[in-house]
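Engineer: fold the following, please.
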Amino acid sequence: MILRRLLSLFLALSLTVVAGVAEAREKAPHLTILVSIDGFRADYLDRGDTPVMKALADDGARAAMRPSFPSVTFPNHYTLITGKRPDRHGIVANTMIDPSVSAEKFTMRSLEPGWWSQAKPFWVSAEQQGKRAAAMFWPGSEVEIDGVRPSHWVKFDATMPHEARVDQVLCWLDNADGPPIAFSTLYFDIVDTQGHHYGPESPEVRAAAASVDAALGRLVEGLKARGRFESTDIIIVADHGMAPLPAANRVVLDELVDVSKIQLVTTGAVTSFSPKPDERKAVEKAFLSKPLPHMSCWKKHRVPARFHYGRNPRVPAIVCLSETGWYTTKAAARQKASEGDARDGGAHGFDPYDPTMQAVFVAHGPSFKPGVALPVFDNVDVYALLAQVTGVRPERTDASLKVVRKALR
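Structural biologist: This next block holds a predicted model:
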């Protein structure tokens with residue numbers, strides 16, 4: 001009899017504990033964290049360097065994403081967060097010219113709101129709809145857009161350790177001042193940096209990937225310690241992949257045209273410029289009248305339709321795309337490089353349909369089915385997924401749930 005009573009008491013206590021845990025989990029507010037690992041090529045996930053990310057992928061959804069054109073950092077980060085392609089959201093390159101906004105060229109440090117105002121980032125929509133948002137680095141997050149900033153944000157600092165970035169997000173979650181955060185970004189840049197310096201197949205890139213994976217492990221453990229892991233959707237993305245770039249593979253623009261005849265805006269994988277006054281015929285003859293070595297050039301309105309590019313006024317008159325593994329440069333820059341430490345490295349910005357440009361996608365959490373492998377999809381669709389799992393009413397965008405909805409429960 002006593003044993004039976006003890007067993008009954010133990011069972012009752014066990015059920016109470018289980019119910020308490022279930023109730024705590026049910027009360028935990030839903031959170032979505034969008035993690036960007038700059039330059040993390042899709043196939044890096046299977047190299048064995050990122051066990052935390054691989055475990056999240058195996059218990060969730062994974063895919064290779066096709067970046068938007070041009071496959072460079074700022075345009076693609078703004079596409080991921082606005083659901084519009086670069087030609088529509090206005091960040092058409094890492095460097096731009098738009099006299100209606102500023103007499104100064106746009107760079108990756110430009111904070112004038114006019115540059116960013118052609119589209120509304122997800123955190124702005126969330127805040128306007130009563131959901132608090134945070135940004136642990138993201139292009140545009142330092143700017144007041146549509147009169148709104150995230151509730152929490154920090155100025156970009158590349159020297160900030162990975163652990164500190166994670167801890168800042170966790171600290172924001174602990175902040176009891178006001179409603180809980182519903183959405184946060186988290187950004188890591190080291191994989192891209194090492195990819196440029198040493199190339200995508202280098203041990204340095206593998207070490208960088210492992211260091212970011214350790215930070216993701218810190219995030220997961222931090223969420224678990226707070227009872228938040230099972231109510232949090234973690235979506236891991238990259239802006240683009242990375243291709244090998246041999247030091248010798250350079251097209252020197254001075255050998256094609258007198259560069260004083262053009263207003264040069266970008267060089268590298270994508271070269272864009274406009275002829276100076278009275279130089280249009282000479283410049284078009286140099287770039288459009290015949291095939292060029294290792295690059296293809298078009299007038300902006302004739303850029304191939306699959307790139308969805310060329311309508312925005314910020315796109316210069318002529319756009320050239322380099323063959324994967326080739327870069328354009330000016331003679332002076334080429335000479336300076338040859339006198340210094342010119343070595344093989346890595347680059348991006350090439351044709352988004354090239355497999356080396358494919359970016360990683362992993363989604364894990366209560367909104368996602370386990371063990372789902374999606375086909376390659378356009379990165380613009382991440383926005384639609386964010387809206388779906390957070391309950392934020394989306395803006396009018398280019399995004400679609402057609403492919404990514406297969407990952408949802």
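
Engineer: from residue 205, how far out is residue 89?
Structural biologist: Counting by Cβ to Cβ, to the nearest Å, the gap from residue 89 to residue 205 is 29 Å. (Each C-beta comes from the backbone N, C-alpha and C, glycine too.)

Engineer: go on, residue 396?
Structural biologist: Using Cβ to Cβ, residue 396 is found at 38 Å from residue 205.

Engineer: nearest residue to the middle of the protein?
Structural biologist: Centroid check for the chain by Cα atoms, centre = their mean gives residue 239 as the closest residue, at 3.3 Å.

Engineer: thought that residue was touching residue 76?
Structural biologist: Yes: here residue 239 lies in contact with residue 76, judged by Cβ atoms under 8 Å, at a distance of 3.9 Å.

Engineer: which neighbours do the two share?
Structural biologist: Both residue 239 and residue 76 are contacted by 67, 359, 379, under the criterion Cβ atoms under 8 Å, 6 or more residues apart in numbering.

Engineer: which residue is the nearest non-sequential neighbour of residue 372?
Structural biologist: With sequence-adjacent residues excluded and distances taken as Cβ to Cβ, 6 or more residues apart in numbering, residue 372 is closest to residue 61, at 4.0 Å.

Engineer: that neighbour touches residue 362, doesn't it?
Structural biologist: Yes: counting by Cβ under 8 Å, residue 61 does reach residue 362; the two are 7.2 Å apart.

Engineer: who's more crowded, the two?
Structural biologist: residue 362 (28 against 25; other Cβ atoms under 10 Å).

Engineer: show me what counts as buried in the host helix or strand of residue 235.
Structural biologist: Assigning secondary structure by DSSP states H and E places residue 235 in strand 232-237. Using 16 or more other Cβ atoms under 10 Å as the test for burial, strand 232-237 gives 232-237.

Engineer: what is the nearest of these to residue 299?
Structural biologist: Looking at the buried residues of strand 232-237 and their distance to residue 299, the nearest is residue 237, at 32.5 Å (Cβ to Cβ).

Engineer: do I have it right that that closest one meets residue 382?
Structural biologist: Yes: with contact defined as Cβ under 8 Å, residue 237 reaches residue 382; the gap is 6.0 Å.

Engineer: what touches both of the two?
Structural biologist: When contacts are counted by Cβ under 8 Å, 6+ apart, residue 237 and residue 382 have 34, 65, 80, 361 as shared neighbours.

Engineer: neighbour-wise, which one of those leads?
Structural biologist: Counting neighbours by other Cβ under 10 Å, residue 80 leads the shared contacts of residue 237 and residue 382 with 30 neighbours.

Engineer: what residues does that one make contact with?
Structural biologist: Residue 80 touches 34, 36, 237, 239, 379-380, 382-383, counting by Cβ under 8 Å, 6+ apart.

Engineer: show only the entries of those residues found in helices.
Structural biologist: Taking DSSP state H as the definition of helices, the contacts of residue 80 contribute 382-383.

Engineer: could you dump the contacts of residue 80 into JSON lines and include distance to residue 275?
Structural biologist: Output for those, formatted as JSON lines (distance: Cβ to Cβ, whole Å):
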{"residue": "34", "distance to residue 275": "40"}
{"residue": "36", "distance to residue 275": "36"}
{"residue": "237", "distance to residue 275": "37"}
{"residue": "239", "distance to residue 275": "31"}
{"residue": "379", "distance to residue 275": "32"}
{"residue": "380", "distance to residue 275": "32"}
{"residue": "382", "distance to residue 275": "37"}
{"residue": "383", "distance to residue 275": "36"}
